[in-house]
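Participant: got a sequence here, can you build the structure:
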Amino acid sequence: MFIRVFLEASTENEAMSHLQNLLKISNQIKLPLNREKCAPFQDLYEVELEGSPSEKQMMDLLESISPKWHRLPNSLIAANNENHLHVDHIDCIEVFLD
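Facilitator: Prediction:
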């Protein structure tokens, strides 16, 4: 599984602080996520994560982040402006399933 998350942050330190909210969820369901990249993107920070969840871990993670996901051909996406994300400071998150 590959996750691309866009965080509302003006610095990398702020982005990493906000990312901790998402990592707490993954720790609660015992799903380690490895950070692959953190880079500025317009007025946000883009962070890429990778993990190898079981089907139950994947469902628990998705439900913990947002009640509604849009299915794209190769991924699931949730955006703060239309879905009530449960994790603060996330503008948009896209999950690519293996």
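
Participant: for the protein, what are the low-confidence residue spans?
Facilitator: 83 (pLDDT under 70).

Participant: for the chain, longest helix please?
Facilitator: Ranked by residue count under DSSP state H, the longest helix found in the chain is helix 12-28.

Participant: check which helices and strands that one sits against.
Facilitator: Applying 3 or more C-beta pairs under 8 Å, 6 or more residues apart in numbering; DSSP states H and E, we find helix 12-28 packed against strand 2-7, strand 34-41, strand 44-50, helix 55-65. (Glycine included, C-beta is placed from N, CA and C.)

Participant: any idea which of the ones you listed is most buried?
Facilitator: strand 2-7 (a mean of 21; mean count of other C-beta atoms under 10 Å).

Participant: which other residues reach that one?
Facilitator: Residues outside strand 2-7 that contact it (C-beta atoms under 8 Å, 6 or more residues apart in numbering): 15, 18-19, 22, 33, 41, 44-51, 89-96.

Participant: now stretch 22-41
Facilitator: 3, 5-6, 12, 15-16, 19, 45-51, 53, 57, 60-61, 64-65, 87, 90.

Participant: try it again with 6 Å
Facilitator: Stretch 22-41 is contacted from outside by E12, E46, V47, E48, L49, E50, G51, P53, Q57, D60, S64, V87, using C-beta atoms under 6 Å, 6 or more residues apart in numbering.
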